[in-house]
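Asker: could you work out the structure for the sequence below:
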Amino acid sequence: MKRVYWFFAGILLIAIFVAFWAANRPDAWKETEIATLRSLWIGSLPALPPDPSNAFADDPQAAALGQVLFFDARFSSNGSVSCATCHIPDKTFTDGLPLAQGVGTTTRKTMTIVGTAYSSWQFWDGRKDSQWAQALGPMESPVEHGGTRTQYAHLIDELYRDRYEAIFGTLPDFSDRVRFPDVAGPVDGTSASIAWGAMSAEDRDAVTQVYVNMGKAIAAYERLIVPGPSRFDQYVEALLNEDANAIQAALSDDEVAGLRLFIGQAQCIKCHNGALFTNNEFHNTGVPAASGLPADDGRASGVTKVLADEFNCLSRWSDAGDDDCAEVRFVTSSGEQLVGAFKPPTLRNVAETGPYMHAGQYATLEEVLRHYAHPPLAPLGHSELEPLGLTTRGLAQLEAFLGALSGSLNVSPEWLAAP
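Answerer: As a prediction, this is how the structure comes out:
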């Protein structure tokens, strides 16, 4: 009897050990966790949402013209700055700098344009509500492209008239340089502004329409720039297919441990959720001001700017209908939660897009994670962060997981260089 007893006792112990191992092996996930991982998987990224404010958003000819304009440095005050100066394809459409550099230096880091067609708000503070409106902002900024509307209208006339007219219809005759000065536009405090004010309202509108159409063409191009799968996505797909070999090959044990922290104790998923790893909302995470720059109030000013924007979804330059533009019509426009709040960028390819935060305050992911693990007091407003109690090893595992989010872009190679 004793032998029988010990035999069954041994079987029971083995069963308990196997059950414990199965529950704690790196690829063991609860059903609720698998649902979360599926929501982060690139396969859950929906089709591109429509942009009712841009009637040319999905026009292939507009995208082709937009690509040309994106890489053409002649659309700047010094002939040396294009959209691609800051949004470099080989750098995941960022520039690797703490602060963007155009004809001057800005006060913010360049955000990637990858996947921004899925966002209702553009820039760190959401001061623009469409890709085409975003594209126009830097064109007139004195520290980015530094150009003016009439300058750009003349360039379209001289360089791209046929291509423009094939998409947008007849281009006005801008040959009269008295009616349409070489340098004129609503850039405050400049001679260009004085020249702009001297033009008739009809002529200003004719120039602005060309300017708007430039933005809509660039946006049609930028809509094509979306992320592709990473090793993380291979891992989730393998989990969903119950492919043990592929699961093992996709991520290391440390990367899986980092993923567990990401959706659990580290609370990263509160802001970095969905298949783009961003909720495209605004959060104050206590990031200090960059050295030499004042504290930045972020969304608090950004929402005021988007509501007053000449090119927002509700403007006469938008193609949206009466039932569109819900985001800007019902936007939260005040409150302490907006002060010092910024849009969390996508974490896809995050290992290649440093430095980090809205003004490049942190050079490495290690510094970013230390900030989140031991949050300081917010310089403005109320920080959402709480101490996470993560170990040094846990932070390293989180960083390892973030490296597994790197992948190629889901776009044909011909779109990634100047045509």
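Asker: from what I see, residue 233 and residue 407 are in contact.
Answerer: Yes: contact criterion Cβ atoms under 8 Å: residue 233 and residue 407 qualify, at 7.1 Å. Every residue, glycine included, has its C-beta placed from N, CA and C.
Asker: looking at those two, which has the bigger crowd around it?
Answerer: Using other Cβ atoms under 10 Å as the criterion, residue 233 and residue 407 rank with residue 233 on top: 24 against 18.
Asker: which ones are touching that one?
Answerer: 41, 42, 43, 407 (Cβ atoms under 8 Å, 6 or more residues apart in numbering).
Asker: out of everything not next to it in sequence, what's closest to the second one?
Answerer: Which is residue 42. residue 233 (4.4 Å; Cβ to Cβ, 6 or more residues apart in numbering).
Asker: quick one on the thing from earlier: quick one: buried ones out of the contacts of residue 233?
Answerer: 41, 42, 407 (16 or more other Cβ atoms under 10 Å).
Asker: including secondary structure, could the residues you listed go into TSV?
Answerer: Formatted as TSV, these follow (DSSP: H, G, I helix; E, B strand; the rest coil):
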residue	secondary structure
41	coil
42	helix
407	strand
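Asker: which among those residues gets closest to residue 168?
Answerer: Residue 168 lies nearest to residue 42 out of the buried ones among the contacts of residue 233, by Cβ to Cβ, at 34.2 Å.
Asker: residues touching residue 36, list them.
Answerer: By Cβ under 8 Å, 6+ apart, the neighbours of residue 36 are 263, 269.
Asker: helix/strand/coil for it?
Answerer: Strictly by three-state DSSP, residue 36 counts as helix.
Asker: how many other residues sit next to residue 325?
Answerer: Residue 325: 21 neighbours (other Cβ under 10 Å).
Asker: now the closest residue to it other than its chain neighbours: which helix or strand?
Answerer: Computed as Cβ to Cβ, 6+ apart, the closest residue to residue 325 that is not its neighbour in sequence is residue 313, at 3.7 Å. Residue 313 is part of no helix or strand, with elements assigned from DSSP states H and E.
Asker: same question, the one 4 residues further on
Answerer: Element membership for residue 317 (DSSP H and E) is empty, with no helix or strand holding it.
Asker: and the residue nearest to it when sequence neighbours are not counted, how many neighbours does it have?
Answerer: In space, and not counting its chain neighbours, residue 317 is closest to residue 212: 4.7 Å by Cβ to Cβ, 6+ apart. By the criterion of other Cβ under 10 Å, residue 212 has 23 neighbours.
Asker: identify the residues contacting residue 212.
Answerer: Residue 212 touches 132, 136, 311, 317, counting by Cβ under 8 Å, 6+ apart.
Asker: fine by me, we can end here.
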